[in-house]
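>>> Fold the following and give me the result.
(3 chains)
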Amino acid sequence: MLDLQKTQTQSSYLQDLNDVQRQAVTTTEGPVLVVAGPGSGKTRVLTYRIAYLIEKGVAPWEILTLTFTNKAAREMKERIEKVIGPRAQRVWAGTFHSIFARILRYEAQHIGYPSNFTIYDSDDTKSVIGTIIKEMNLNKEQYTVNNIRSRISSCKSNLVTPKLYETKADLREEDRVARRPYFYEIYKKYTARCKRSGAMDFDDLLFRLYELFQNHPEVADKYRRRFKYLMVDEFQDTNYLQYAIVKKFVNYPGSPRNICVVGDDAQSIYAFRGATIQNILDYGQDFKTYGIKTFKLEQNYRSTDHIVKAANEVISYNTKQIQKTIFSSKGEGHKIKLIKAMTDTEEGKRVASFIVEQKNRNHLSNRDIAILYRTNSQSRVFEEYLRNYNIAYKVFGGQSFYQRKEIKDLIAYMRLCINQRDEEALRRVINYPRRGIGKTSIEKISAFADQSGKTLWEALFAVDLPPRTKNSIGNFVRMVQGFMLKSQTEDAHAVAEHIARETGIMRELNKDKTVEGMNRAENVRSLLDGIKTFVDNDVVEGTVDSLPRNLGGGRETVDGGPIDQFDRSLSGYLQNIALMTDLDESDSKDDYVTLMSVHAAKGLEFKSIFVTGLEEQLFPSFMSMDTPEGLDEERRLFYVAITRAEQLLTLSYANSRYQYGKQRFNSPSRFLNEIEMEHLDTASPIGSKSRAAFGRIEQMMGGPQERQSSGVKGHFKRRAPQPSFHVDPKDFKPSPASEIQAGTKVLHLKFGEGKVTSIDGTRDKRVATIFFDGLATEKEKRIMLRFAKLQVVG
DNA sequence: GAAGTGATGTTTTTT
DNA sequence: ACATCACTTC
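Purely as a prediction, here's the structure:
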């Protein structure tokens, strides 16, 4: 029966595609460029292409797909799975950073890094740079951390090593002019410091891979042989370095150059981080002689005609772009509404009441609606009025869970436990909670490390300090060594809990009885719960893609097929979270209005979109307005914003708003004038009319006075370990793995009753594919028998 | 080494 | 407005 189903899907899925899409899917050999307008079925093309390859006999692990977000990778895998089944999970699909980190851990010995290297996030990076600037006694007005960081980042992204930098007269001249003559020294020191710490920043994950392939052709060859087909999503967002690596993968003598990149130059919104659409243009040139085929996906399946036409009009004001004509197939649809407000407060109020109206008139749920803005700080006023109107909402963006101090503190201990060279982790926790190792002592340790060539951790043992401090350090070191020992044998949760207790972090947090303090303690408990969930998980290939394939452990072979397996150790957990953001954590089941920045909305779609704060200086941002390139990027950003809408699009602006504590008056955004009147709903409630309409709604809603809040709490809360057991844990007795075979009926704590359809792998790597009838979605789970909590029934 | 005070600088940010 | 941070003072 399963087989029959499969053949049906196989024969039908190509018919879901239009002509261009189908060509893009079936042109598998040689270089391909897919220029994909918004809503044109880009993801569908990519996933079907992979499915098609696998059906033609390509092994899943011979296909490498690089994306920018974990979410995109996960979605892609899920969608391939729908077409071709669980085999899809064997495809290497992940972010540039996560895939490269896997390879780098596996090949670490070639580049003088430990395979358990730490990944420094941008806070760590900033902190290292800050320390260096301080150590060098440089004026921090001239040498601002952010400035240095972005210059270092752009060096790495353009393959300029410190060594190369030294020889570049033009770059050094730039530094002189910018009054930052010591930039080179900082860069050099920063690089050395990261290396000494056994740490890589986000750029290193790319740069070191390039270096690895460059300096070790035999290693590069291994991966070239392995990945016979390469795909890159969102190619317009790649930087110079990313494209250089992509070329390393496919450019070699005798290469079939089976590469397919998908992108839309009009949706490039990360130029400020080094992304360059030049890559798309270069790609065309670079692969010209290898018979590159270009496909333009121009039919928009997402939005109605007014929206698509307006978007086309707006983007036509950008001169540099690949010519394409996006057209809609969804009918004329509603005209675009415009909200003019006097103040930012009124804007918030009006948007909220519009949402109420839309929900009634157009039968929309909260989840169909999103409010987009240019800067995260704009969310506040919308939150306020959504609360008043009793509309559930969720704010995305802002500070992520993993960036909170209390979380970083605990994680720093965990990091130190795995990699003692990790200086940022060490600096963070050496005196937290307080143990009398102050600034002066740390400076001494640091200076000693520098002149003796030791790591900071090693310096702890050798440095000469007053007896009292020495004693404190001794206690600290012994404590961490205890954690290290424990992490050899125990799983991540056991170690983390032990650390939280032994360090006194928990005690410290529980002392604080303020609301914020209690929140912090709660956050740490949530983190521990999250680790528990991670450790307990016995599903091998389920919804979460980003779980580690323990390359370093050698369980997965690079030449053969991958054997996916969880690494439940602390090290495994850290690898898992290092590249996670909380955008990856949305629960689609809850019904809330989405609030996010336009950047964060890329790739998403909603029935109704509100694009707010359309004022000069804000959108376009004052930071980008002074250069034509900056303005173009702002315009692309606006293009991305409006093309998120399927049916309803509402634009809003305010005559005045509070910015940086001052009331400012800005004129309406120039982008508004770039939309032709014919697409705008002039009858929409504006001016006095609007007030009437607004009043009506306000009456209906009982006015905006305080009501019980229905807002989904601020940022995401980590899920506690799944409370919804299908089976009562008390009656549950797991059976030994040896009793479980194909055909066995089993009981699972979380998933209920299921039937084992097949078993693959050998010994402790045996994986059961089990069909759980009681589940609503993704009924088929693959469960590692070694960890499975399964009871044989019947 | 800790707590309190004034100056300062604010975009977006998949990883 | 707000948070961060260097600098003071105890």
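
>>> Average pLDDT for stretch A:147-162, rounded please.
The average of the pLDDT scores along stretch A:147-162 is 92.

>>> and it, which residues are buried?
Burial within stretch A:147-162, assessed by neighbour count using 16 or more other Cβ atoms under 10 Å, is assigned to A:148-149, A:151-157, A:160, A:162. From N, CA and C alone the C-beta is placed, and that goes for glycine too.

>>> Those also near DNA strand B: which ones?
Residues of those in contact with DNA strand B (Cβ under 7 Å from any atom of the strand): none.

>>> Which members of those occur in strands, if any?
Assignment to strands by DSSP state E places none of these there.

>>> quick check, nearest of those to DNA strand C?
Distances from DNA strand C to the buried residues of stretch A:147-162, taken as Cβ to the nearest atom of the strand, are shortest for residue A:149 (12.8 Å).

>>> so who does that closest one touch?
Residues in contact with residue A:149 (Cβ atoms under 8 Å, 6 or more residues apart in numbering) are A:122, A:125-126, A:129.

>>> Of those residues, select the buried ones using a PyMOL command.
The command below creates a PyMOL selection of those among these that count as buried (16+ other Cβ under 10 Å):
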select buried, chain A and resi 125+126+129
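
>>> Which of the contacts of residue A:149 sits closest to residue A:86?
Using Cβ to Cβ, residue A:122 is the member of the contacts of residue A:149 that sits closest to residue A:86, with 36.1 Å.

>>> Is it correct that that closest one is in contact with residue A:202?
Yes. When contacts are counted by Cβ atoms under 8 Å, residue A:122 is listed as touching residue A:202 (7.2 Å).

>>> Pull the number of nearby residues for whichever residue of the stretch 501-650 of chain A sits closest to DNA strand C.
Of all residues in the stretch 501-650 of chain A, residue A:516 sits closest to DNA strand C, with a separation of 9.7 Å (Cβ to the nearest atom of the strand). The number of residues packed near residue A:516 is 8, by other Cβ atoms under 10 Å.

>>> hmm, back to that, of all the buried residues of stretch A:147-162, which comes closest to residue A:661?
Out of those, the one with the shortest distance to residue A:661 is residue A:149. That distance is 26.7 Å, counting by Cβ to Cβ.

>>> residue contacts, whichever residue of the stretch 401-550 of chain A sits closest to DNA strand C?
In the stretch 401-550 of chain A, the residue that lies nearest DNA strand C is residue A:405 (8.2 Å; Cβ to the nearest atom of the strand). By Cβ under 8 Å, 6+ apart, the contact set of residue A:405 is residue A:520.

>>> roughly how far apart are it and residue A:126?
Counting by Cβ to Cβ, to the nearest Å, the gap from residue A:405 to residue A:126 is 14 Å.

>>> next one: residue A:642
Plainly put, residue A:642 is 34 Å away from residue A:126 if you go by Cβ to Cβ.

>>> swap in residue A:169?
To residue A:126, residue A:169 is 29 Å away according to Cβ to Cβ.

>>> again with residue A:396
Plainly put, residue A:396 is 23 Å away from residue A:126 if you go by Cβ to Cβ.

>>> Please apply the same query to residue A:521.
As defined by Cβ to Cβ, residue A:521 lies at a distance of 26 Å from residue A:126.

>>> what does residue A:359 give?
With distances taken as Cβ to Cβ, residue A:359 is found 43 Å from residue A:126.

>>> got it, and residue A:499?
Shown here: residue A:499 relative to residue A:126, a distance of 25 Å by Cβ to Cβ.

>>> now residue A:312
When distances are taken as Cβ to Cβ, residue A:312 and residue A:126 turn out to be 41 Å apart.

>>> Strands of the stretch 551-700 of chain A, residue ranges please.
For the stretch 551-700 of chain A, applying DSSP state E, counting those that start in this stretch gives strands covering A:593-597, A:606-611, A:645-659, A:662-665.

>>> who wins for proximity to residue A:302 among these?
Between residue A:302 and the strands of the stretch 551-700 of chain A, the tightest spacing by Cβ to Cβ is seen for strand A:645-659, at 5.5 Å.

>>> and that closest one, average pLDDT?
The predicted model assigns strand A:645-659 a mean pLDDT of 95.

>>> Which positions in it come out as buried?
Of the residues in strand A:645-659, those scored as buried under the neighbour-count criterion (16+ other Cβ under 10 Å) are A:645-657, A:659.
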